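J.: with the input below, show me the fold.
(one chain, ligands or ions: 1)
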Amino acid sequence: MRRTIDWDGGPGDPAIATVDQCALPHEHRVLRLRTVDELIDAIKRLAIRGAPALGAAGALGVALSAYRHPADEAAVRDEAARLAAARPTAVNLGWGVERALKRLPEGPDAVLAEALAVLEEDERANRKASRRAADLILQLCPRRPLRLLTHCNTGRLATVAWGTALGVVWHLAADGQLEYVLADETRPLLQGARLTAWELAEAGIPYRVLVDSAAPAALAQGLVDAVVVGADRIAANGDVANKIGTYAVALAAARHRVPFVVVAPESTLDLSIPDGSRITIEERPVEEVTRFAGQPVTPPGAGAFNPAFDVTPADLVTAIVTEDRVFHGPGAGQ
Ligand SMILES: CSC[C@H]1O[C@H](OP(=O)(O)O)[C@H](O)[C@@H]1O
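T.: Take a look at the predicted model:
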């Protein structure tokens, strides 16, 4: 599959095909989802994950529903509402659902056409935004070749194709301007250790994985020229919701005056909210923290604080880069 998620339906057999990200890095498995309930389950267990990929899933899910309930608009709207609510933080999921729903009165073929347009636009946006961010980092950082630190997974697995922050890595590597990548493992679900490492290894790019709490030490030791991350929802004032642990990296980057650059498509901007305090942060199951590799690592009955995201205040962000523009923040490394 060239795309991480795509339409795989045929006459009388609507379906979505997607890489099962829970199976990586040990197995590259493709799921074929034939109902919205199957799609919602895949989103909730992060078989499908990453803000732009969730936007695509939302749009394709409405098309799936429209083909499954061709004469029942109410049933489609009910499934669309449940789909949009599957994960609350990434704005892209609800955005993708709403975009596809607008075509519902024209019938399922029109809904699918809109969903496929979302997929086409995502890859174009990612390539443009990551090229723009790579050029900005080349301007901000005099050292050659560059050493980048990433958090979570922001590559093609988190999008329809190419990637956002990790797309910067692909551009700089192609330019011959990249020395290595330090990839935060990103506890508890290890999107960095499992998914970013898998993408970097597949691309033959030098990398090392680090525990999340080692990122400040890497910055303090001068091992990083720039931090590049993705986003799940960006408020009107430039506050950035992203994977848990991003805020800590931003604090350390500011302390050591290392540029902290956010790469995201325009569909991740949520200008309807004034600042990050209004972003709903997804709380995930206790077991994701109290168990590791299927085994308990805490005493029975232990509680856990397990927010899936945090909010990095705009004043810690050097720049937010989309396919259309660069928002320069007062963050470190200017
Ligand atoms: C291309 S940005 C992806 C964005 O989504 C990730 O969250 P999750 O793995 O829970 O979907 C993470 O925040 C990434 O930065």
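J.: which residue ranges of the stretch 201-334 of the chain form helices?
T.: 215-220, 246-255, 287-290 (DSSP state H, counting those that start in this stretch).
J.: now His105: closest residue in space, sequence neighbours ignored.
T.: You called it His, but residue 105 is Pro. Distances taken as Cβ to Cβ, 6 or more residues apart in numbering place Glu73 nearest to Pro105, at 7.8 Å, with adjacent residues excluded. (Each C-beta comes from the backbone N, C-alpha and C, glycine too.)
J.: any chance of the helices of the stretch 201-334 of the chain in CSV, plus mean neighbour count, mean pLDDT and distance to Ala304?
T.: Shown next, in CSV, are the helices of the stretch 201-334 of the chain (neighbours: other Cβ atoms under 10 Å; pLDDT from 0 to 100; distance: least, Cβ to Cβ, whole Å):
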stretch, mean neighbour count, mean pLDDT, distance to Ala304
helix 215-220, 18, 98, 21
helix 246-255, 22, 98, 18
helix 287-290, 16, 98, 4
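J.: to Gly167, which of the ones you listed lies closest?
T.: For the helices of the stretch 201-334 of the chain, the distance to Gly167 is smallest for helix 246-255, at 17.4 Å, taking Cβ to Cβ.
J.: what's that closest one in contact with?
T.: Residues from elsewhere that reach helix 246-255 (Cβ atoms under 8 Å, 6 or more residues apart in numbering): 149, 151-152, 184, 212, 215-216, 219-220, 224, 227, 229, 240, 259-260, 309-312, 316-317, 331-333.
J.: re the thing from before, which one of the helices of the stretch 201-334 of the chain lies closest to the ligand?
T.: helix 246-255 (7.3 Å; Cβ to the nearest ligand atom).
J.: give me the pLDDT for Gly331.
T.: We have a pLDDT of 57 for Gly331.
J.: Ala236 too?
T.: 97.
J.: ignoring the adjacent residues along the chain, who's closest to it?
T.: The shortest distance from Ala236 to any non-neighbouring residue, by Cβ to Cβ, 6+ apart, is to Leu271 (4.7 Å).
J.: and the one you found, how far is that from Gly238?
T.: Going from Leu271 to Gly238 by Cβ to Cβ, to the nearest Å gives 11 Å.
J.: go on, Arg29?
T.: For Arg29, the distance to Gly238 - Cβ to Cβ - is 38 Å.
J.: pretty sure Glu79 sits in a helix.
T.: Yes: assessed by DSSP: H, G, I helix; E, B strand; the rest coil, Glu79 belongs to a helix.
J.: okay, now it: neighbour count?
T.: Per other Cβ atoms under 10 Å, the neighbour tally for Glu79 reads 24.
J.: now swap in Pro259 and tell me
T.: Pro259 has 22 nearby residues by other Cβ under 10 Å.
J.: I'd like to know how far it sits from Thr318.
T.: 4 Å.
J.: and the residue of the stretch 1-150 of the chain nearest the ligand?
T.: Arg49 (3.5 Å).
J.: and the closest residue to that residue other than its chain neighbours, what helix or strand is that in?
T.: Leaving out its chain neighbours, the residue that sits closest to Arg49 by Cβ to Cβ, 6+ apart is Gln21, at 5.8 Å. Assessed by DSSP states H and E, Gln21 sits outside every helix and strand.
J.: pretty sure Gln21 sits against Ile48.
T.: Yes: with contact taken as Cβ atoms under 8 Å, Gln21 and Ile48 are classed as touching, separated by 6.9 Å.
J.: the more surrounded of these two?
T.: Ile48 (32 against 26).
J.: quick one, what contacts that one?
T.: 5, 18, 21, 39, 42, 54, 57.
J.: what is the mean pLDDT for the one helix or strand the fourth one maps to?
T.: Here Leu39 sits within helix 36-44, counting by DSSP H and E. With pLDDT averaged residue by residue, helix 36-44 scores 98.
J.: now do the helix or strand just after it: which elements does it pack against?
T.: Using DSSP H and E, the helix or strand that follows helix 36-44 towards the C-terminus is helix 51-68. With contacts taken as 3 or more Cβ pairs under 8 Å, 6 or more residues apart in numbering; DSSP states H and E, helix 51-68 sits against strand 5-7, strand 16-19, helix 36-44, helix 73-84, helix 91-101, helix 108-140.
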